[in-house]
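Student: What follows is a predicted structure for the sequence shown.
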Amino acid sequence: MSEATGRASVVEAGGKIHEVSFSIDLYKEAEKKRLSVPQLLQRKYGKNADKNYANGNVFAQMMASLGLPLDDEDVGFRSLTIGDIFDGSFGAAVTQGAKPGSNILAPAAILALVEENSQKDHSDTLSIFEKVIASNVTKPNKRFTRPIFDSSNADIQTISAIGQLATPNIVGQLMVSEKSFSIPTFSYGLEASDEALTEYTIDQVAIYLNRLRTELAYARVCGQLSSLVNGDSSTDMAPLPQTHISQYDSEAGGGKLTHKAYVKWLRRNWKYRRVDYVFCNEDDYFEIIYRKGRPTAITNPVDNTELLAHASKPVNVEFIEPYIFILDEGIIPAGTLVGIDSRYAIGRAKNSLANYQAVEDLVMRKGKQMRFDDAQIVYRLDDEAFKVTTLN
């Protein structure tokens, strides 16, 4: 075990205080299990943690016991500088001749703030992409086996009365890909000058780290979106099947879209799936907006409410105007519309952790560098939740 050790407290059920001893080797253990330090601590002590304190969040309880609450922007961990923590001027629980617990947990806490910043509700592409992820899982290792869901047998089933103990019809199948894959990882970090160590607060550091991470993550998301549609041999995903838009209206095609074709395309399989997002490039977005035959709205002069120009609008059209997600050129082919039902379409396996070697250097040797690893893979959770049509 490393010489850097500290102590902090966890509040158990009923308010009982339980003291936890830990060392810098937490990072090595977390890295081995492909968990973040907060996830590792939650796995170890979360079962008995009192839910009335920090909602049972073990890491938050430990940081608060060190006098560094994570959610207090004025006097907590966020308001300190890196120098405040690592030069020893800030007092916290400590074992004899060892490093303060705050020093050891600081890199994990910074990473937690970076994660928090990336999940805030912004209108940028990455934040919107977070909203279309149907399933997020954390993997305990680098290997990933893609789940495959087959519901094709459900369409041909008929409703019938069966005995109470009779075996029901099997209409869905859960399987996994024949191959397993390695989850790709990118690393990001900062090197701080002596002046920066004393001038920048932890909250500012987390903001700049998130800014750096965003640039790397954007390029990765573009690749992930491309593989969802075009397929990816590295994850055993075949390209999605496509239909030509003229299948829904003979007047559509040649790069042009009609309202009739758009509605019929969106309504395909409407009993099972509802498209709420459409991915396309910028030029195809304008084809959607200016599609031929799109109904206009008129204003009721009595109460200023908008009415559809066509009073015969069916009440069960099962059609909503989906959100349009504009992609950069080249992610998907021009003239392609990709509709998804975000409740079922996209899954993600991920893991973010503080790199042990960089943490050891930062804590033990008062280094000036921070490094974090971000591993994730995006896959189609349910192929039937995708619809692809081409306009050309």
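Tutor: On my side now, so go ahead.

Student: Would you agree Thr5 is in contact with Asn103?
Tutor: No: under the criterion of CB atoms under 8 Å, Thr5 lies out of contact with Asn103, with a separation of 10.6 Å. In this view, the C-beta of every residue, glycine as well, is placed from N, C-alpha and C.

Student: Looking at these two, which is more packed in?
Tutor: Set side by side, Thr5 and Asn103 show unequal neighbour counts under other CB atoms under 10 Å, the larger going to Asn103 at 24 against 19.

Student: That one and Ile85 touch, don't they?
Tutor: Yes: checked against CB under 8 Å, the pair Asn103 and Ile85 is within contact range at 5.9 Å.

Student: measure Ile17 to Val10 for me?
Tutor: For Ile17, the distance to Val10 under the criterion CB to CB, to the nearest Å works out to 8 Å.

Student: Now Ser135: closest residue in space, sequence neighbours ignored.
Tutor: Leaving out its chain neighbours, the residue that sits closest to Ser135 by CB to CB, 6 or more residues apart in numbering is Gly347, at 4.3 Å.

Student: contacting residues for Ala238?
Tutor: In this structure, Ala238 makes contact with Gly231, judged by CB atoms under 8 Å, 6 or more residues apart in numbering.

Student: rewinding a little: out of Ile17 and Val10, which sits in the more crowded spot?
Tutor: Regarding Ile17 and Val10, a neighbour count based on other CB under 10 Å identifies Val10 as having more, with 25 against 11.

Student: Which strand residues bridge that one?
Tutor: Residues found in beta-bridge contact with Val10 (criterion: DSSP bridges) are His18.

Student: That one contacts Val20, doesn't it?
Tutor: Yes: shown here, Val10 and Val20 form a contact pair, counting by CB under 8 Å, at 5.5 Å.

Student: joint contacts of these two?
Tutor: 45, 62.

Student: now stretch 27-39: how far from the chain's centre is it?
Tutor: Computed by CA atoms, centre = their mean, to the nearest Å, the chain-centroid distance of stretch 27-39 equals 19 Å.

Student: Same question for stretch 204-213.
Tutor: Using CA atoms, centre = their mean, the mean C-alpha position of stretch 204-213 is found 17 Å from that of the whole chain.

Student: Might you report the residue contacts of Gly293?
Tutor: Remark: with contacts taken as CB under 8 Å, 6+ apart, Gly293 is in contact with 258-260.

Student: which one of those sits closest to Ile110?
Tutor: Lowest distance from Ile110 to the contacts of Gly293 (CB to CB) belongs to His259, with 50.9 Å.

Student: Pretty sure that closest one sits against Tyr290.
Tutor: No: taking CB under 8 Å as the definition, His259 is not a contact partner of Tyr290, at 10.4 Å.

Student: So for those two, which residue has more residues nearby?
Tutor: Between His259 and Tyr290, counted using other CB under 10 Å, His259 has the larger neighbour count: 15 against 10.

Student: And the more buried one, how far from Pro295?
Tutor: Taking CB to CB as the measure, His259 falls 7 Å from Pro295.

Student: now do Thr243
Tutor: Between Thr243 and Pro295 the computed distance is 24 Å (CB to CB).

Student: and these two? which has more neighbours close in?
Tutor: The residue with more neighbours, out of Thr243 and Pro295 and counting by other CB under 10 Å, is Thr243; that gives 13 against 10.

Student: for that one, phi and psi?
Tutor: Backbone geometry at Thr243, expressed as degrees, to the nearest 10, gives phi -120, psi 150.

Student: And the helices in the stretch 201-350 of the chain?
Tutor: Using DSSP state H, counting those that start in this stretch, the helices assigned to the stretch 201-350 of the chain run over residues 202-230, 259-267, 282-289.
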